[in-house]
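[1] sequence and predicted structure, then a few things I'm wondering about:
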Amino acid sequence: MNVLIMKHIEIEGPGLIEHCLKQEKIPYQILNLSTSAHFPKLDDLTHIVLLGGPMNVYEEDRYPFLREEDLFIKESIQRGKSILGICLGAQLIAKALGAKVFKAPMKEIGWYDVSLTKEGSKDPLFSTLPKIFPVFQWHEDTFELPRGSKLIATSPSVPHQAFRYGENVYGLQFHLEVTQEMIREWMETYEEEFEGPQPPLLSKLKILADTEVKIEPYKEIRLKFLKSFLRKPIKGGM
């Protein structure tokens, strides 16, 4: 096994994912696209994780590496690699599969419940998780479901929360990787999100209070999912 983690900005790192990889003694490498867009050979990789970032998938003129990343994702899917996209990463997968990415009905920042769909309850990675569970969100965009994909998790405010394409590709709108320290750092760095005439529904104090209560139970759910994803057998290309 060899895992590639694609990071779009320094502050949004792999967090719990890296912890899990170390715990499982799985080789991995981190590619920071904000400083280098030198993609490794796909022959050397089994799993690819696409992290989040403040950019939008349609800002290719501002962030040129998004064009190369789009081609890399398309080839990775074609060659049957196991792929996990988180937030921006999920939106990039949706775009690579021809689906539209656009502004969500509401910006989600903080803790929200998502629920498994009927398909999610049968999914190899999600079926062992609770039917309803809290997730940490930080996004303003959402996506159409790619053609041929299955909706795995949903919520009332932003219906497309997780999908699976084929057997190996998963896109999650929520942040599976966050630690308590990361949440605090994001709140300090992205201070502007809590200013202006239309602040998020949840205040900073409420998010921090929710994090104290939910971060540890959420950790167990996430580790279970991640270990299942990393142990999933590799299938051939589609």
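    Great, that's in hand. The structure presented is a predicted model; accordingly, all values stated were derived computationally and were not measured.

[2] where does Val158 land in three-state SS?
    Secondary structure, DSSP: H, G, I helix; E, B strand; the rest coil: Val158 is coil.

[3] measure Glu140 to Leu88 for me?
    11 Å (CB to CB, to the nearest Å). The C-beta positions use only the backbone N, C-alpha and C, and glycine is treated the same way.

[4] count of neighbours near Glu140?
    Glu140 has 13 neighbours, counted by other CB atoms under 10 Å.

[5] so it sits in a strand?
    Yes: Glu140 sits within a strand when classified using three-state DSSP.

[6] what are the ranges of the helices in this structure?
    For the chain, applying DSSP state H gives helices covering 16-23, 65-78, 88-96, 118-122, 180-189, 204-231.

[7] deepest of those helices, which one?
    When those are scored by mean count of other CB atoms under 10 Å, the highest mean neighbour count falls to helix 88-96 (a mean of 26).

[8] could you name the helices and strands sitting against it?
    Helices and strands touching helix 88-96, by 3 or more CB pairs under 8 Å, 6 or more residues apart in numbering; DSSP states H and E, are strand 47-50, helix 65-78, strand 82-86, strand 101-116, strand 132-143, strand 162-165, strand 169-172.

[9] nearest to Trp186, of those?
    Closest to Trp186 of the helices and strands packed on helix 88-96 is strand 132-143 (CB to CB; 6.5 Å).

[10] packing partners of the closest one?
    helix 88-96, strand 101-116, helix 204-231.

[11] report the angle between the last one and helix 16-23.
    Counting by axes from the mean of the first three to the mean of the last three CA atoms, to 10 degrees, helix 204-231 points 40 degrees away from the direction of helix 16-23.

[12] picking up where we left off before, mind putting the helices and strands packed on strand 132-143 in TSV, mean pLDDT and distance to Arg62 included?
    Shown next, in TSV, are these (pLDDT from 0 to 100; distance: least, CB to CB, whole Å):
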stretch	mean pLDDT	distance to Arg62
helix 88-96	98	14
strand 101-116	95	15
helix 204-231	93	28
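
[13] can you put the ones you listed in TSV and add distance to Pro134?
    Output for those, formatted as TSV (distance: least, CB to CB, whole Å):
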stretch	distance to Pro134
helix 88-96	18
strand 101-116	5
helix 204-231	5
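
[14] which of these sits closest to Leu16?
    Among those, the nearest to Leu16 by CB to CB is helix 204-231 (5.7 Å).

[15] what's the closest one packed up against?
    Helix 204-231 packs on helix 16-23, strand 101-116, strand 132-143, helix 180-189, going by 3+ CB pairs under 8 Å, 6+ apart.

[16] how big is the angle separating that helix from strand 101-116?
    80 degrees.

[17] how far away is the most centrally placed residue in the chain from Pro159?
    Most central in the chain under CA atoms, centre = their mean is Ile86, positioned 0.7 Å from the mean C-alpha point. Going from Ile86 to Pro159 by CB to CB gives 18 Å.

[18] and if you look at Glu188?
    When distance is defined by CB to CB, Glu188 is 31 Å away from Pro159.

[19] just to revisit the earlier point, quick one: closest of the helices and strands packed on strand 132-143 to Leu21.
    Proximity to Leu21 (CB to CB) singles out helix 204-231 among the helices and strands packed on strand 132-143, at 7.4 Å.

[20] any idea of the angle that closest one forms with strand 132-143?
    Computed by the same axes, to 10 degrees, the angle between helix 204-231 and strand 132-143 is 90 degrees.

[21] quick revisit: turn the helices and strands packed on helix 204-231 into JSON lines, including distance to Leu226.
    As requested, these are exported to JSON lines (distance: least, CB to CB, whole Å):
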{"stretch": "helix 16-23", "distance to Leu226": "5"}
{"stretch": "strand 101-116", "distance to Leu226": "17"}
{"stretch": "strand 132-143", "distance to Leu226": "14"}
{"stretch": "helix 180-189", "distance to Leu226": "16"}
